[in-house]
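1. model the following, please.
(one chain, ligands or ions: 1)
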Amino acid sequence: MGVVNVTPDSFSDGGRWLDPGAAVAHGLELVAAGADLLDVGGESTRPGASAVDAAEERARIEPVIARLVAEAGVPVSVDTAKRVVAAAALDSGAVIVNDVSAGRFDPALLPLVAERGAGIVLMHMLGEPRTMQDDPRYDDVVREVGDFLVERADAARAAGVADAAIALDPGIGFGKTTEHNLDLLAHLDTLVERVGLPVVVGTSRKRFIGRVLSDVGGETGEPPADRRDDGTLGTVVWAAECGARVVRVHDAHAAARAVDLLDLLETVEAA
Ligand code: PMM
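-> Have a look, this model is predicted:
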């Protein structure tokens, strides 16, 4: 899943693709590089980000989604927690709603997904973006994130969403310390097995990778977001090996090749 952020303030690439033409060109590049799916977002969910008004979010994403649906040749998802924005994106041809709130912020979102027969990604977040990094705490992060995902999948089913339309995401970096993120990734295979639905993992360029690289990579200080693709690649291969079905990345070229090689090795191993 290649990331197309049409925002001025995303932590990883804010402002780079705010112009619709630039966003579309970037989406097409991601597909040429190997992305099988594009995720278009018009609101930053970075820690402390302020909410964007639905009209502004729609204005950012609608033209980009419409053109990518026409030109990219891969399914398009919309990264939003708002029903009106999701509805507009589905009208523009998106087929999946990627909701970082897992249907908690807008109670009308899951019924919309059911009614339209769309796919849904339900992601774990502790609280909300504004405050989620204020001292997040868990007794057992792997168990609690798993409990949450199982509960939200049940909520989607209760709203009428088919099982085949649901994917779950542990929400790396959303209300988690570096240790929580590492714990979730280290036990991702357990989580994948427990939830029994396809799992999406988004580690790309996140802060914990900068932290880890500054400790082990011989870096002086934390590398900024655009110098975390090497560390990201390690987590992409790890997630795929643990059974994640989708990895959400900014650098599709390296991720697609790494996953292809992993698939090949698994085929040889099984032969
Ligand atoms: N991360 C971000 C935004 N949306 N959606 C899902 N399902 N999983 C994620 O990990 C995720 C997401 C934040 O990253 P960005 O600002 O680079 O888009």
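2. please name the residues that touch the residue in the chain positioned nearest to the ligand.
-> Across the chain, the shortest distance to the ligand (CB to the nearest ligand atom) belongs to residue 202, at 2.2 Å. For every residue, glycine as well, the C-beta is placed using N, CA and C. Residues near residue 202 by CB atoms under 8 Å, 6 or more residues apart in numbering: 123, 169, 171, 172, 173, 247, 248, 249.
3. what is the neighbour count of residue 12?
-> 18 (other CB atoms under 10 Å).
4. what comes into contact with the worst-scoring helix or strand of the chain on mean pLDDT?
-> Sorted by mean pLDDT, DSSP states H and E, the helices and strands of the chain end with helix 207-216, the least confident at a mean of 89. For helix 207-216, contacts defined as CB under 8 Å, 6+ apart pick out 11, 172-173, 176, 178, 181-182, 203, 219-225, 228, 230-232, 235.
5. burial measure for residue 186, as a count.
-> With other CB under 10 Å as criterion, residue 186 counts 12.
6. ignore what I typed, I meant residue 154.
-> The burial count for residue 154: 10, using other CB under 10 Å.
7. how about it, phi and psi?
-> Main-chain dihedrals, residue 154, degrees, to the nearest 10: phi -60, psi -40.
8. tell me if residue 26 really is in a strand.
-> No - counting by DSSP: H, G, I helix; E, B strand; the rest coil, residue 26 falls outside a strand, being helix.
9. how about the nearest residue to it once chain neighbours are set aside, what does it touch?
-> Spatial nearest neighbour of residue 26, chain neighbours left out: residue 17 (5.0 Å); criterion: CB to CB, 6 or more residues apart in numbering. By CB under 8 Å, 6+ apart, residue 17 lies in contact with 4, 5, 6, 23, 26.
10. elements contacting the helix or strand hosting the first one?
-> For residue 4, the enclosing helix or strand under DSSP states H and E is strand 2-5. Applying 3 or more CB pairs under 8 Å, 6 or more residues apart in numbering; DSSP states H and E, we find strand 2-5 packed against helix 20-32, strand 38-41.
11. can you give me the buried ones in the first one?
-> What it means is helix 20-32. Going by neighbour count (16 or more other CB atoms under 10 Å), the buried part of helix 20-32 is 20, 23, 24, 26, 27, 28, 30, 31.
12. endpoints of stretch 132-145, how far apart?
-> Stretch 132-145 has its terminal residues 14 Å apart, counting by CA to CA, to the nearest Å.
13. ok, it near the ligand or not?
-> No - counting by CB under 6 Å from any ligand atom, no contacts exist between stretch 132-145 and the ligand, the nearest distance being 11.6 Å.
14. ok, stretch 91-105 next?
-> Yes - Stretch 91-105 reaches the ligand (CB under 6 Å from any ligand atom) through 98, 100.
15. which residues belonging to that stretch are considered buried?
-> Quick answer for stretch 91-105 (16+ other CB under 10 Å): 92, 94-105.
16. next one: stretch 40-58
-> For stretch 40-58, the buried set under the neighbour-count rule, 16+ other CB under 10 Å, comprises 40-47, 49, 52, 54, 57-58.
17. just to revisit the earlier point, which of the contacts of residue 202 are buried? Put it as a PyMOL command.
-> If you want just the buried ones from these in PyMOL, going by 16+ other CB under 10 Å, the selection is:
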select buried, resi 123+169+171+172+173+247+248+249
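18. looking at the contacts of residue 202, which are in strands?
-> Using DSSP state E, the members of the contacts of residue 202 that fall in strands are 123, 169, 247.
19. one step back: can you give me phi and psi for the residue of the chain closest to the ligand?
-> When read as degrees, to the nearest 10, the backbone of residue 202 gives phi -120, psi 100.
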